[in-house]
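> Give me coordinates for this.
(one chain, ligands or ions: 2)
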Amino acid sequence: MPGKHSTVLVVGGAGYIGSHTTLALKDAGFATVIYDNFSTGHRDACFADHLVEGDLADVAKLTETLERFEISSVIHFAAMIEAGQSMVTPLPFFENNVSGTVSLLKAMLAAGVSRIVFSSTAAVYGNQDGRLTLSETLPRAPITPYGHSKAMVERILETCVQAYGLQAIALRYFNASGADAAGRTGERHDLETHLIPLIIEAARGIRPNVKIYGTDYDTSDGTCIRDYIHVSDLATGHVAAVRYLLDNSNTGFQAMNLGTGTGYSVRQVINTVREVSGRAVDVVEADRRPGDPARLVADVAAARTDLHWSAAQSSLDEIVRTAWAYAEANLPH
Ligand SMILES: NC(=O)c1ccc[n+]([C@@H]2O[C@H](COP(=O)([O-])OP(=O)(O)OC[C@H]3O[C@@H](n4cnc5c(N)ncnc54)[C@H](O)[C@@H]3O)[C@@H](O)[C@H]2O)c1
Ligand SMILES: O=c1ccn([C@@H]2O[C@H](COP(=O)(O)OP(=O)(O)O[C@H]3O[C@H](CO)[C@@H](O)[C@H](O)[C@H]3O)[C@@H](O)[C@H]2O)c(=O)[nH]1
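Ligands and ions are numbered 1, 2, ... in the order given. The predicted model follows:
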């Protein structure tokens, strides 16, 4: 069990991945505080011991929160997340994701908090044609403003680790999906752009069909390949990362993939939703969505070696079953 000084600040803890991670931190015995501005998060998805409503831009409030709750480590989820939208309106992405993280780091320095786990993304790899899996040793090569914003934060963290002696882990998630198996929380993005919830909406009759963005990619069936990782596996990955930072000093900066190592095409995901739900899903073949790499699949060795973590509940079937159960129980009919 975590010892003294083990209160974790979960910035963006009211969101999809943050809510699952807060539950996992509590299960692991950590005390938790959420800091969130509720721009996309939900009050009923806050499972922490304490909640502070505030914005990343508010350095004074962040500093006061870190000091008041004697925070040992920060997990930083708060960001704007849609890669496609960032192609159209990039500036808010740089403001919230990059400037917002600078605010958080200033507050951490002021409060003397040195450990941070940052939500990075497979989008920092961009298009790495011909590679079956992506290793952290590859150069960052994002192709969207969203991916650039995350790559910039990784660079800022590297610099701050050198300059100020912080300890930072950037967890590069592949495609977060699924829902808490006990149904306590799930995926509820108000402007939903993610594939699995959109297919589920089509299966539930909330939308007439699901679009396939691009059928002419150089992949087995012409549609994009992604590595879908269960959000509860991501959550245990964060617990492992916090433990790693607490147990080891001078870890410096490390980037680690959180994925399964297996990729599925858009068509395979649609078929899995059909099988799990027993419902029909109509599809419309559409143009490619700008900013989508053909294939993103993780090399999972680093997290296994350093964090002793690997995905345990991320079969596509399990992901879709939990997402379907959550939607049926909680989302509008
Ligand atoms: N969902 C995915 O597939 C995926 C994949 C890779 C990386 N990520 C990253 O994981 C993180 C969490 O993603 P998510 O899907 O849970 O998103 P989400 O939108 O559900 O959660 C983000 C949370 O941050 C809060 N927030 C945003 N801006 C804020 C600000 N300025 N001040 C305070 N709070 C703020 C929101 O209210 C929300 O509760 C993001 O950083 C995202 O880039 C997500
Ligand atoms: O209606 C849809 C929605 C998506 N897709 C495709 O499905 C795949 C997955 O798309 P989506 O669920 O939107 O996820 P990504 O664009 O892969 O991005 C997610 O996963 C990235 C990491 O891989 C994160 O950085 C992002 O924050 C997160 O939104 C892509 O090939 C899309 O082109 C469709 O064909 N139709």
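
> Now residue 65: closest residue in space that isn't a chain neighbour?
residue 52 (5.0 Å; CB to CB, 6 or more residues apart in numbering). The way it works is simple: take the backbone N, C-alpha and C, and place the C-beta from them, glycine included.

> part of a strand, is that neighbour?
Yes: judged by DSSP: H, G, I helix; E, B strand; the rest coil, residue 52 forms part of a strand.

> Output the set of residues of the stretch 1-150 of the chain in proximity to ligand 1.
12, 14-18, 36-41, 55-56, 77-79, 81, 96, 100, 119, 121 (CB under 6 Å from any ligand atom).

> Next step: the residues you listed restricted to helices.
With DSSP state H as the criterion, helices contain 16, 17, 18, 100 from among these.

> quick one: which of those is most hemmed in?
Neighbour counts for those, by other CB atoms under 10 Å, peak at residue 18, which reaches 29 neighbours.

> Leaving out the residues flanking it, which one is nearest to that one?
That would be residue 77: by CB to CB, 6+ apart, it lies 4.3 Å from residue 18.

> Pretty sure that neighbour sits against residue 20.
No: judged on CB atoms under 8 Å, residue 77 makes no contact with residue 20 at a distance of 10.3 Å.

> Looking at residue 3 now. What's its pLDDT?
What the model reports as pLDDT for residue 3 is 57.

> One more: residue 131?
Listed pLDDT for residue 131 reads 88.

> residue contacts, it?
Contacts for residue 131 (CB atoms under 8 Å, 6 or more residues apart in numbering) come out as 138, 295.

> Backbone dihedrals for it, both of them.
phi -90, psi 130 (degrees, to the nearest 10).

> Ok, the one 3 residues further on next?
When read as degrees, to the nearest 10, the backbone of residue 134 gives phi -110, psi 120.

> Would you mind measuring from the nearest residue to it once chain neighbours are set aside to residue 148?
Nearest residue to residue 134 in three dimensions, chain neighbours excluded: residue 125, at 4.8 Å (CB to CB, 6+ apart). Shown here: residue 125 relative to residue 148, a distance of 12 Å by CB to CB, to the nearest Å.

> what do those two both touch?
residue 142.

> So between these two, which is more surrounded?
Legend: neighbour count by other CB under 10 Å for residue 125 and residue 148, higher for residue 125 (26 against 22).

> which phi and psi does that one have?
Phi and psi for residue 125, reported as degrees, to the nearest 10, are phi -80, psi -30.

> so who does it touch?
Neighbours of residue 125 in contact, by CB under 8 Å, 6+ apart: 134, 138, 140, 141, 142, 172, 293, 296.

> and if we set it to 7 Å?
134, 138, 141, 296 (CB atoms under 7 Å, 6 or more residues apart in numbering).

> ok, of those, which come out buried?
Buried by 16 or more other CB atoms under 10 Å: 134, 296, out of the contacts of residue 125.

> wouldn't residue 94 be in contact with residue 149 here?
Yes: counting by CB atoms under 7 Å, residue 149 is a contact partner of residue 94 at 5.6 Å.

> still on that earlier bit, OK, contacts around the residue nearest to residue 65?
Applying CB under 7 Å, 6+ apart, the residues contacting residue 52 are 33, 35, 65.

> Out of those residues, which sit inside strands?
Within these, residues falling in strands by DSSP state E are 33, 35.

> Go back to the contacts of residue 52 and keep what's next to ligand 2.
Within the contacts of residue 52, nothing lies near ligand 2 by CB under 6 Å from any ligand atom.

> most neighbours, which of the contacts of residue 52?
Within those, residue 35 tops the neighbour count with 31 neighbours, counted by other CB under 10 Å.

> and the helix or strand bottoming out on mean pLDDT in the chain, what does it pack onto?
Every helix and strand in the chain was compared by mean pLDDT, DSSP states H and E; the lowest is helix 83-88, with a mean of 92. Helices and strands touching helix 83-88, by 3 or more CB pairs under 7 Å, 6 or more residues apart in numbering; DSSP states H and E, are helix 145-164.

> before we move on, the earlier item: could you export the contacts of residue 125 as a markdown table, including distance to residue 237 and pLDDT?
What follows is those, written out as a markdown table (distance: CB to CB, whole Å; pLDDT from 0 to 100):
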| residue | distance to residue 237 | pLDDT |
| --- | --- | --- |
| 134 | 16 | 97 |
| 138 | 20 | 97 |
| 141 | 23 | 96 |
| 296 | 17 | 94 |
